[in-house]
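Q: Sequence first, predicted model second:
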Amino acid sequence: MDYNLLKALHIIFVVTWFAGLFYIVRLFVYIREAGDRPAHEQAILLPQLRLMAKRLWFGITWPSAALTLVIGSALIFSQPDWLQLPFMHVKLTFVFFLLVYQLFCQRLYNQLQQRTDVWSSMKFRIWNEVATLFLVSIVFLIVLKNTVDWLYGTLGLVIFAVLLMVAIRTYKHFRK
C-alpha cells in the first residue's frame, strides 16, 4: 500500500482515537453528575448518557485505537530504520502508556455502566486532561523529532501539566 495513504489513514485514526478518549471521560463526568440529580432526572439522563458512552466507546474509540495501531505498525514495517531513532522509542513508549490509559478508562467505563460510583466528577475532569498530555507529547515528539532537547521537552510537559491543573482548579472555583 502507498506510504502516504497509510500515513494519512494513521493520522485520521489517531484523531478519531483521541476524540473518543477526550469525549468518553467527559461523558464519565456527566454520568457521575447525573447520579446526583433528582430521581426523575436520573431516569432520563443516565440511560441516555450510558448509551452514548457505549456507542462512542465501542463504535469509535476502540476501533480507532485498533486501526491506529495496525496502520502504525504497517508504517514501521515499511520504514524499519525508524526503530533505530531515539525519538521513535520515546514515542512508542508514550503510545504504550496511552493504551494503558485507555484500558484504565475501560475499567472506569465498566464501573459506571454497572452503576458503581468510583470517582467524583472533579477527579474525572482531571483524568480527562491526561489524554491531553499524551496528545501534546506525541505530536511534539513526532513533529520535532530530535530537534528539541529532552530536558526542555520534559520541562515543557511539566509546565503544561501544571497549567492544566491550575485551569481545572480555576474552573472549579468559578463553577461554584
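A: Received the coordinates, thanks. Numbering: from 1, shown residues only.
Q: Any regions of the protein where pLDDT drops low?
A: Applying pLDDT under 70 to the chain flags the ranges 146-154, 176.
Q: Roughly how far does Lys145 sit from Val14?
A: Computed with CB to CB, to the nearest Å, the distance linking Lys145 and Val14 is 17 Å. C-beta coordinates here come from the backbone N, C-alpha and C atoms, glycine included.
Q: More neighbours: the two, which one.
A: Neighbours were tallied for Lys145 and for Val14 using other CB atoms under 10 Å; the higher tally belongs to Val14 (21 against 13).
Q: Now do that one against Pro38, distance only.
A: Spatial separation of Val14 from Pro38 under the definition CB to CB is 41 Å.
Q: Same check on Leu155?
A: Distance, Leu155 to Pro38, by CB to CB: 47 Å.
Q: Next: Val29.
A: Here the criterion is CB to CB. By it, Val29 lies 19 Å from Pro38.
Q: longest helix anywhere in the chain?
A: Ranked by number of residues, the top helix in the chain under DSSP state H is helix 3-34.
Q: what's that one packed up against?
A: Here helix 3-34 is seen to pack against helix 39-56, helix 62-78, helix 86-113, helix 121-144 when contacts are counted using 3 or more CB pairs under 8 Å, 6 or more residues apart in numbering; DSSP states H and E.
Q: And the contacts of the second one?
A: Pointing back at helix 62-78 there. Helix 62-78 is contacted by residues 1, 3, 6-7, 9-10, 13-14, 16-17, 19-20, 82-83, 88, 95, 99, 102 when judged by CB atoms under 8 Å, 6 or more residues apart in numbering.
Q: can you check the first one too?
A: Contacts to helix 39-56, defined as CB under 8 Å, 6+ apart, come from residues 20, 23-24, 27-28, 30-31, 34-35, 37, 109, 112-113.
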